[in-house]
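In: My questions concern the predicted model and sequence given below.
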Amino acid sequence: MTVNLIHALFDIAVALLLGLAAVGSGIGDGLVMSKYVEGVSRQPEARGSIFASALLGVALVEAFPVIALAFGIIMLFTKGSL
């Protein structure tokens with residue numbers, strides 16, 4: 001394999017990594033917030049505690065694309081020289 005092909009494959013891998021992380025995060029955020037709305041509609045008096053749990057869930061879901069971004073940047077700039 002030539003060096004240019006390897007660099008192109010690394011670029012494609014980074015694009016797939018970041019794209020799938022973004023899609024997964026969007027789906028996860030949607031699921032967390034939909035369950036929040038469902039929980040508040042069932043028990044409006046527990047809105048505060050449900051909201052705190054929903055924010056924690058969104059924060060955990062959003063950590064995934066940040067980690068994927070770090071791996072993507074490492075892959076992009078090292079081009080497999082690790």
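Out: Yes, it's here.

In: From here on, just use CA atoms for contacts and neighbour counts.
Out: Fine.

In: So which residues of this protein form helices?
Out: Using DSSP state H, the helices of the chain run over 3-42, 47-78.

In: A8 - how many residues pack around it?
Out: 12 (other C-alpha atoms under 10 Å).

In: what does A59 give?
Out: There are 12 residues near A59, going by other C-alpha under 10 Å.

In: Give me the pLDDT value at it.
Out: A59 is assigned a predicted lDDT (pLDDT) of 94.

In: List the contacts of it.
Out: For A59, the contact set (C-alpha atoms under 8 Å, 6 or more residues apart in numbering) is empty.

In: Residues in contact with stretch 30-49: which ones?
Out: Contact with stretch 30-49 is made by I50, F51, A54, G57, V58, as judged by C-alpha under 8 Å, 6+ apart.

In: S34 versus the first one, what's the distance?
Out: When C-alpha to C-alpha, to the nearest Å is applied, the distance between I50 and S34 equals 12 Å.

In: before we move on, what about L17?
Out: Computed as C-alpha to C-alpha, the L17 to S34 distance reads 26 Å.
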